[in-house]
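**Student:** Next come a sequence and a model predicted from it.
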Amino acid sequence: MKKLWSILSMLVVLAVVIAACGTAPTPEPTEAPAEESTEAPVAEEPTEAAAEEPTEAPAEEPTEEAEAPAAGEFEGTIKIASQSPLSGPQAALGTGIRNGAELGVEQLAAPLTDLGFEVELVPFDDEAQPEKGVANANSIVADQEILCVNGHLNSGVALAALPVYESADLPMVSPANTNPRVTVDFPNAFRIVGRDDVQGAVGEQYARQTLGTQSVYIIHDQTDYGQGVAEFFRQNAEENGIQVLGFEGTQERSVFDSILTPIAAAQPDLIYFGGIYDQAGPFFRQARDRGITAEFMGPDGMDSPELAELAGDAVEGMYYTSVAAPVSQFPDAAQFAEDYESTYNEVAPPFSAQAYDVSGVCIQAIADAAEAVGGLPTRADVIAALTELEAYAGITGAYSFNAQGDPDPATYYVLQANVADWNANELVERLEVSPPTE
C-alpha cells in the first residue's frame, strides 16, 4: 500500500461542489422475485429448442446442444443474466442494477440484433446472500443461451458464485463489486468500477488531509466487502500516522450497545463503518443518541437514501467514498437518467448506470466474438473478446480491461450526505487511480 499511497499522493485532486443525484424510494421488493421466477426458469429451455433439432440435425440429439443455435449460425436467442438483491434490505441498490441492466439490453442490443440474434435479459434475485447467489449461478450456467452475467452488488455473493461461473467458462462483468479478489482470483471476472484497496486509501487520505483526523475507531460487517475495505482503511491509517483505537466486526443489526460503549470511552475523531447502509443506519443513529460526536465515514455501501431514512439527522454531513458517482455527474448519462425515471418512476440509483454500461459491454463482447468465429460464440470466446475490448464508449466512461480484468484507470469519489435531499449530496473530491497489479 505504500506504493499505492505514492500513486495517490501524486494525483491531482479536483474539488467539486455540485448537486448530486441519488436514489429514490425502492420499488416494492415483492415485484422483483415474481419476475425472476417467471423470466428465468431453466427447465423451460430444452423444450423450445428440442422441437427444432430432429428435423434439421437428427444426429445432434443431446439436449444440452439443443439449447443454443449451432455454431456458424447468426440466429437464435442470446441471454444475459443479472444477479443482484431484488428483495430484502438491500433491494434499493439491487433493483437499480436489474433495471439498469434491463434498459441496457433493450437499448444497446444493436450489435447483436444486426447480426440476426435476439437478446434477452434474465434477472435473478440473489437476496444479498452467498448461498442464494450460488444456487442462482447453477441455474444460470445450466442455460446454454446465457453468455454473460451482469452482477453482483455484493462482493461476498460474487466471490461465492464465481467458481460456478468459472467452471462453465462463463464471464461475469460487475457494475459494483470492489473486493480485489473478484478479478485477482478469477480469470472470467471483469469489472467497470474501482477496487477497495484503493477506495480504502482514498477514504483515509481524505480523513487525514482534509478532516484532520488523528484517531479512528473502525467497525465492519464481517463480509468480504465490508471487512475488506475496512482493513484497507486501517492499513493506510496505520502507515500514515492515524491512531487506530479499535477494529471490530459485528453482524448485529439492531442494538449496538456492546460496540458503542468502548467507542464512547475511546473518543475517536472519526468512526469508519465498513458495510452497507441497512446496518450502518441504526448504528450511526444509536451512536449520536449516546452523545458520540465523532465524524462518520464509510465506503460506497453508504450510498442510498435509505441510510438517511434509517439514521435521520445522525448522518447529516457524513462523508463516504464511492466508485460510482451520482448519475448527474456523467454528461453522457442524461438520456439514461430521463429514461430510467420515466420507466421505473424513480431517480436512477447508484450502480444503475454502471449496470446499463455492463449490458453494453457484454453485448459488444459477444458480438465481437460472434464475428470472430463466424457465428454463435462459446462462453470462452466471449471471455477472450472481453480481454481484447478496446475503449467501449459507455455513458459512465470508456472501458477496457487490464490483464487482471480491472478498468485502468478507475475513478473514485468522496461525497458528503445531505439528509434532507439525498439527490443533493455534495461531491467534494474526485480521483483517478490505476489499479494495483500485484
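**Tutor:** Okay, I see it.
**Student:** now the stretch 301-438 of the chain, which segments are flagged as low pLDDT?
**Tutor:** Flagging of the stretch 301-438 of the chain using pLDDT under 70 yields the residue ranges 438.
**Student:** Which parts of it are helices?
**Tutor:** All helices of the stretch 301-438 of the chain, identified by DSSP state H, counting those that start in this stretch, fall at 305-311, 334-344, 352-373, 379-387.
**Student:** Name the surrounding residues that touch the last one.
**Tutor:** It stands for helix 379-387. The contact list for helix 379-387 (CB atoms under 8 Å, 6 or more residues apart in numbering) reads 147-148, 168-171, 173, 187-188, 190, 361-362, 365-366, 368-369, 372-373, 377, 401, 403, 405. Every C-beta, even on glycine, is put in place using the N, C-alpha and C of the backbone.
**Student:** Let's see the PyMOL selection covering just the buried ones among these.
**Tutor:** In PyMOL, this line selects whichever of the contacts of helix 379-387 come out buried by 16 or more other CB atoms under 10 Å:
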select buried, resi 147+148+168+170+171+173+188+190+361+362+365+366+368+369+377+401+405
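**Student:** Please identify the nearest residue in space to L310, excluding sequence neighbours.
**Tutor:** G281 (2.6 Å; CB to CB, 6 or more residues apart in numbering).
**Student:** meant to ask about R195
**Tutor:** R195 sits nearest to P180 (CB to CB, 6+ apart), 4.9 Å away.
**Student:** Return the residues in contact with that neighbour.
**Tutor:** P180 neighbours (CB under 8 Å, 6+ apart): R195, D196, D197, G228, P436.
**Student:** would JSON lines of these with distance to Q209 be doable?
**Tutor:** Listed next are the contacts of P180 as JSON lines, based on distance: CB to CB, whole Å:
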{"residue": "R195", "distance to Q209": "21"}
{"residue": "D196", "distance to Q209": "20"}
{"residue": "D197", "distance to Q209": "19"}
{"residue": "G228", "distance to Q209": "23"}
{"residue": "P436", "distance to Q209": "21"}
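**Student:** burial count for L427?
**Tutor:** Other residues near L427 come to 21 when the count uses other CB atoms under 10 Å.
**Student:** Do you have the strands of the stretch 201-350 of the chain handy? List them.
**Tutor:** Secondary structure of the stretch 201-350 of the chain (DSSP state E, counting those that start in this stretch): strands located at 215-220, 243-249, 270-274, 295-298, 319-322.
**Student:** Would you pull up how far the third one lies from the middle of the chain?
**Tutor:** For strand 270-274, the separation from the chain centroid amounts to 21 Å (computed by CA atoms, centre = their mean, to the nearest Å).
**Student:** same check, this time on the fourth one
**Tutor:** Average the C-alpha atoms of strand 295-298, do the same for its chain, and the two points are 21 Å apart (CA atoms, centre = their mean).
**Student:** other SSEs contacting it?
**Tutor:** Contacts defined by 3 or more CB pairs under 8 Å, 6 or more residues apart in numbering; DSSP states H and E place strand 295-298 against helix 196-209, strand 270-274, helix 277-289, strand 319-322.
**Student:** Turn those into TSV, including mean neighbour count and distance to F247.
**Tutor:** Below are those laid out as TSV (neighbours: other CB atoms under 10 Å; distance: least, CB to CB, whole Å):
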stretch	mean neighbour count	distance to F247
helix 196-209	25	13
strand 270-274	28	9
helix 277-289	21	15
strand 319-322	27	18
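**Student:** Quick check, L245 in contact with Q214.
**Tutor:** No. L245 sits out of contact with Q214 when judged by CB atoms under 8 Å, with a separation of 10.3 Å.
**Student:** before we move on, back to that, farthest pair in the contacts of P180?
**Tutor:** The span of those, defined through CB to CB, is set by G228 and P436 at 13.6 Å.
**Student:** Please say which of those two ends up with more neighbours.
**Tutor:** Higher neighbour count among G228 and P436: G228, with 24 against 17, using other CB under 10 Å.
**Student:** Report the separation between the more buried one and A355.
**Tutor:** Look at G228 and A355: by CB to CB, to the nearest Å, they are 22 Å apart.
**Student:** same thing with A365?
**Tutor:** 16 Å.
**Student:** same check, this time on S167
**Tutor:** Distance from S167 to A355, by CB to CB: 24 Å.
**Student:** Find the residue at the geometric middle of this structure.
**Tutor:** A176 (1.3 Å; CA atoms, centre = their mean).
**Student:** shouldn't it be in contact with G194?
**Tutor:** No. In this structure, A176 is not within contact of G194 by CB under 8 Å, at 10.7 Å.
**Student:** anything in contact with each of the two?
**Tutor:** With CB under 8 Å, 6+ apart as the test, A176 and G194 both reach V323.
**Student:** Just want the phi and psi numbers for G275.
**Tutor:** phi 170, psi -150 (degrees, to the nearest 10).
**Student:** List the contacts of it.
**Tutor:** I219, H220, D221, T223, Y225, G226, G298, G301.
**Student:** ranking those by neighbours, who comes first?
**Tutor:** That'd be G298 among these, by other CB under 10 Å, with 32 neighbours.
**Student:** I'd like the distance between that residue and L147.
**Tutor:** 36 Å.
**Student:** now L170
**Tutor:** 8 Å.
**Student:** next one: L108
**Tutor:** 15 Å.
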